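A.B. asks: Have a look at this fold, sequence not included:
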């Protein structure tokens, strides 16, 4: 499906998607599933798919320093795993670098490398050479608050030359068991202050940046390590 967007440079429109049930999942769902490792009551978990796939396993803990991982998600609508492949989304010949393209095949995916800051809590995410392209090779990913051409504020992705040591691992965030990398967004909207990598709708297969307002509407990305 084409993404026809009018955007400013390095700014993305994040479209709210749907869960496998076909509608938005409220953050106020009933509690279930016990507690997280830090004692926070867990709400009904999002569907992350199988824990293992073609020799890779989904990480359920903080990533390790200087270790390489795949980054990808379970697409509930398509019933497929998808991993970033070092290419941007392309629509009608135009590249949209704030949408990371994906592949179903782990052998065609690109790896990312984790570099911890001196506090040993926050880390940067560097895209390594490899995959189906080299668009983001050796760049660092960032999630931030941007703006559409209309001026409306949105959560989006950009790639930069210097490390963005602002990510940290959270098991439970915004009432969801996300088990993924979270970044505190330096923005102006109090209800949109944390960002993650996710696919933003059931008709799409690209990775974008979304905030906690839409965690229940996206397919959340995780790190994957070799078994």
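C.D. replies: Structure's in. What do you need? What you are looking at is a predicted structure, and each value in this text was computed from that prediction instead of being measured.

A.B. asks: so what's residue 55 closest to, chain neighbours aside?
C.D. replies: Nearest non-adjacent residue to residue 55, counting by CB to CB, 6 or more residues apart in numbering: residue 227, 5.6 Å away. C-betas here are computed from N, CA, C, even on glycine.

A.B. asks: Look up how far residue 173 lies from the one you found.
C.D. replies: 27 Å (CB to CB, to the nearest Å).

A.B. asks: helix, strand or coil for residue 65?
C.D. replies: Classification of residue 65 using DSSP: H, G, I helix; E, B strand; the rest coil returns coil.

A.B. asks: Quick check, it in contact with residue 113.
C.D. replies: No: with contact defined as CB atoms under 8 Å, residue 65 does not count as touching residue 113 (9.5 Å).

A.B. asks: more crowded one of these two?
C.D. replies: Neighbour count, other CB atoms under 10 Å: between residue 65 and residue 113, residue 113 has more, with 18 against 12.

A.B. asks: circling back: residue 227 and residue 173 - which one has more neighbours?
C.D. replies: With neighbours defined as other CB under 10 Å, residue 227 and residue 173 compare such that residue 173 has more, 19 against 9.

A.B. asks: quick one: common contacting residues for residue 65 and residue 113?
C.D. replies: Counting by CB atoms under 8 Å, 6 or more residues apart in numbering, no residue touches both residue 65 and residue 113.

A.B. asks: what's near enough to touch the spatially most central residue of the chain?
C.D. replies: Computing the C-alpha centroid of the chain and ranking residues by CA atoms, centre = their mean puts residue 197 first, at 1.3 Å. Applying CB under 8 Å, 6+ apart to residue 197 gives the contacts 71, 100, 141, 143, 157, 180-181, 207-209, 220-221.
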